[in-house]
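K.L.:
build me a model:
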Amino acid sequence: MKLIFEKWGLWAAAVLSAGLLELPFPLAGPLSPWRAVFAWFGLVPLLAAVLSAMCVKGPRPLRRGFLLGYLCGFLWYMGNCYWIRDTMAKYGDLPAIVPVLLLVGFSLVLGLYFGLFALGVALVRQASGNTKLALAAAPIFWAGLELAASRITSVPWDQLGYSQVDNAIVNQLAPWTGVYGISFVIVVVNALIAGALVIDRCPPKPFWQGRKPWGIAGALLMAGLSQGFNLPPRDPAPTATAVLIQPNLDVSGDNRWSGPAEWDKHMAQFTQLAGEQCKGYIIGVPQTGAPDLEPLCAQRPTHADLIAWPESPAPFDETDPKFEKALKGIAATVQAPLVVGNIGWDYDAPGAEWHYYNSALIVGADGNKVGRYDKIHLVPFGEYIPFQNLLRFAHKLTGRVSTFSRGSGPKVFRLPTSNGDAHRYGVFICYESVFADEIRHFAQLGAEVLVNISDDGWYGDTSAPWQHLNIVRMRAIENRRWILRDTNNGVTAVIDPYGRVRQSIPRHQADALPAQFAFRDDITFYTAHGDVFGWLCVVLDGGIVGWFVRKPLR
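P.N.:
Got it, this is the predicted structure:
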C-alpha cells in the first residue's frame, strides 16, 4: 500500500474515482444497464486514499482528505454536467471562454460536497484512530450530503442512487427511503471493498478481524444486488390511454407564428397529432435497440383519455384569444381533456403588476378551462435570476433568460376518462422532477397518475436528456405511479410504477406517442413521509462530527 499511495498516488486515486463514477451515468446517450456496476466500487480509490497510511500519518490529514475529495468531486461534476458548457455556448450571448468558466465555477461549488464527505471520513479516522469506524460512517456522510445538495444548493443532479434505476432489487428501497437509501447501500459496498485495502493487518489478527471479510462481504453484496438487472420486470396492466405530442420545435428558432397561415398550420398539426391514437412505438428506451410495435387499432377506444402538449417554445399564451379558441376546437375534435404547456398570467392588485408563469393549462373535453398548474421550482439563471440586485450581470448569461414567478404549490386535477369514470392527475414541469420531496406531494394529494411536461431541446444530444429521463423514472418508483413524460423533442415516454420505460418514440422528430397507462391511489411510505431516511442521516452526521471533533480540537 505504501508504494501505491505515494503522494502522487493519492491524487491519482481521487482522479480514478472521478472517472469510475462517471461511468454508471449516461454520457451522450442512453445508459447500458451493465455500466451501473461501476457505482459499486467507484468510490473505493478515494476512500482508500483518504484512509491510507500516507494520508493518515502525513501532515495535515484532514486538509489533505478534504482536498482529495474536492478534486474528485470537481472532476466528476465537470464530466457529468459537461452539457452546461454546451448549452451556454449554443444559446448564450457569451464569449467562447465564458461557458467553460461557468462550468468550472459550477463544479468548484458542488465539488465541495465530495470534499466534505472525505473530510468527515478523515475526521472520524483521526479522532478515533479506527479505520473501521471511518468506513462505517462513510454511507451516513454520503446520504446526508446528498440531501444537503438538494436543499442548500438545489442541484440534486445524478445522485448516486440514480445509477441503479434498472436494478429491481435495490429499487425496492425507493418507496421507503427515496433515492438516498439506494445511495447509502452503494456506499456501504464501496466501504466494504475499500476496507479490504486499508484495514491494518499488523499485528496479525484472526481471519474475522482482518481485511478479507470486508472484501468478501463487499464482493458478495455487489454480486448479489447486481442480480437485480437480470430479474424479469413486473408487468402492470394498463387501463387508460393518452396521446403525448412531441412537436420537435427548434428552441433557437423564431417561434412567434406571427402569420395567420403559420398559426393555422401548427394548430392543424396539433390536431392531427392529438388524434393519432393508433400508431407504432418503441417498446423501451430509444437508441437501445428496443423493438418497435405496431398495435392492433381495432382494440383502441374511440378517443383517448388525455392529450398532452409539452413545455416548448410554442407561443401559447393564456391571454391570447386565438389560443383559447384553438384549444376549444382541438378538444371538440378529439373529445378528450388537454394538458398544454403555456404562459400563464395573474394580476397582482396590491402590487399593481402582472406576474407570468411557466404553466400547464388543463382544459376539459368540452373546451372549458379546468385549472392551471404554475411551475414551483424554477431554473436559476434560466427562468429567474437569484439575488437580482447583486447579480445584475447574470441577465447576460443567456439570451433566453426569463423572469417567471413561482407557482403557489402543487395541484391535482380531476378529469373524466373515456368510460365515464373520473381520476386525479398531477402535473409537474421539467426541472421540478429532480426534487423528489416536492413531486411526492402530488401523489400525497391524491394524484393517481403523474404527467411530466418538459423541453430538453436546450441540451441537444448531450447526456442531459438521458440523465433527466432516469431521474424521472426514480420518481415513478418512489411513488409507485405511472408517469406520462411528454417532451418537446424527446425522450417522450410512458414509465410504469417500477421505473420501466414501457413505450417511447424516437427523438428529434415531430411525432405522437399513443400512451397506455393505469391509475393507482396507494400511498408509499416515501410519498407519505418524504426524506425521513435522508434527514436521519443528516442528524447522525451532525452527531458524528460533534462527537469526534472534540478530540482533535483538544
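K.L.:
can you pull up the most central residue in the chain?
P.N.:
The residue lying closest to the centre of the chain (C-alpha atoms, centre = their mean) is Ile471, at 3.0 Å.
K.L.:
now do the contacts for the spatially closest residue to Val538 that is not a sequence neighbour.
P.N.:
Leaving aside its chain neighbours, Val538 sits nearest to Gly144 (4.3 Å; criterion: C-beta to C-beta, 6 or more residues apart in numbering). Yep, even glycine has a C-beta here, placed from its N, CA and C like the rest. Taking C-beta atoms under 8 Å, 6 or more residues apart in numbering, we find Gly144 in contact with Gly534, Cys537, Val538, Leu540, Asp541.
K.L.:
so which elements touch the longest helix along the chain?
P.N.:
If you go by DSSP state H, the chain has its longest helix at helix 97-128. Helices and strands touching helix 97-128, by 3 or more C-beta pairs under 8 Å, 6 or more residues apart in numbering; DSSP states H and E, are helix 44-50, helix 53-56, helix 61-80, helix 83-91, helix 131-151, helix 532-548, helix 550-553.
K.L.:
closest to Trp309 out of these?
P.N.:
In terms of C-beta to C-beta, the element of the helices and strands packed on helix 97-128 nearest to Trp309 is helix 83-91, at 22.2 Å.
K.L.:
residues of that closest one that come out buried?
P.N.:
Trp83, Ile84, Arg85, Asp86, Thr87, Met88, Ala89, Tyr91 (16 or more other C-beta atoms under 10 Å).
K.L.:
nearest spatial neighbour of the fifth one, chain-adjacent residues omitted?
P.N.:
Pointing back at Thr87 there. Counting by C-beta to C-beta, 6+ apart, the residue nearest Thr87 is Trp458, at 5.4 Å.
K.L.:
Val155 versus that neighbour, what's the distance?
P.N.:
In this view, Trp458 and Val155 are 16 Å apart by C-beta to C-beta, to the nearest Å.
K.L.:
which of these two has more neighbours?
P.N.:
Trp458 (24 against 17; other C-beta atoms under 10 Å).
K.L.:
the more buried one reaches Tyr91, doesn't it?
P.N.:
Yes. Judged on C-beta atoms under 8 Å, Trp458 makes contact with Tyr91 at a distance of 6.5 Å.
K.L.:
identify the contacts common to the two.
P.N.:
Val251.
K.L.:
can you show me the strands along the stretch 451-554 of the chain?
P.N.:
483-487, 493-495, 501-504, 511-517 (DSSP state E, counting those that start in this stretch).
K.L.:
strand 483-487 and the longest one, what's the angle between them?
P.N.:
Relative orientation of strand 511-517 with respect to strand 483-487: 170 degrees, computed using axes from the mean of the first three to the mean of the last three C-alpha atoms, to 10 degrees.
K.L.:
send the alpha carbons of strand 511-517 over as CSV?
P.N.:
In CSV, the C-alpha atoms belonging to strand 511-517 read as follows (Å, rounded to 0.1, in the frame of the first residue of the first chain):
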residue,chain,number,x,y,z
ASP,A,511,-44.5,12.7,-33.6
ALA,A,512,-47.1,11.5,-31.1
LEU,A,513,-47.0,8.6,-28.7
PRO,A,514,-50.2,6.6,-28.1
ALA,A,515,-49.6,6.0,-24.4
GLN,A,516,-51.1,3.2,-22.4
PHE,A,517,-51.1,3.7,-18.6
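K.L.:
that one packs against which elements?
P.N.:
By 3+ C-beta pairs under 8 Å, 6+ apart, strand 511-517 packs against strand 240-246, helix 260-274, strand 483-487, strand 493-495, strand 501-504.
K.L.:
out of the ones you listed, which is the most enclosed?
P.N.:
strand 483-487 (a mean of 28; mean count of other C-beta atoms under 10 Å).
K.L.:
direction included, what does that one pair against?
P.N.:
Strands flanking strand 483-487 in the sheet, each with its direction: strand 449-454 (parallel), strand 493-495 (antiparallel) (DSSP bridges).
K.L.:
just to revisit the earlier point, pick the one among the buried residues of helix 83-91 closest to Ile182.
P.N.:
Of the buried residues of helix 83-91, the one sitting nearest to Ile182 (C-beta to C-beta) turns out to be Trp83, at 23.6 Å.
K.L.:
ok, the closest one to Gly284 distance?
P.N.:
With C-beta to C-beta as the criterion, Trp83 and Gly284 are 23 Å apart.
K.L.:
mind putting the strands of the stretch 451-554 of the chain in JSON lines, distance to Ala219 included?
P.N.:
Formatted as JSON lines, those follow (distance: least, C-beta to C-beta, whole Å):
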{"stretch": "strand 483-487", "distance to Ala219": "35"}
{"stretch": "strand 493-495", "distance to Ala219": "32"}
{"stretch": "strand 501-504", "distance to Ala219": "31"}
{"stretch": "strand 511-517", "distance to Ala219": "40"}
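K.L.:
who are the contact partners of Phe519?
P.N.:
Per C-beta under 8 Å, 6+ apart, neighbours of Phe519: Thr239, Ala240, His423, Glu448, Val449, Trp482.
K.L.:
contact partners for the last one?
P.N.:
Residues in contact with Trp482 (C-beta under 8 Å, 6+ apart) are Pro238, Val449, Leu450, Ala476, Val494, Ile495, Asp496, Pro497, Phe517, Ala518, Phe519, Arg520.
K.L.:
what do you get for the second one?
P.N.:
For Ala240, the contact set (C-beta under 8 Å, 6+ apart) comprises Asp305, Leu306, Thr417, Ser418, His423, Val449, Gln516, Phe517, Ala518, Phe519.
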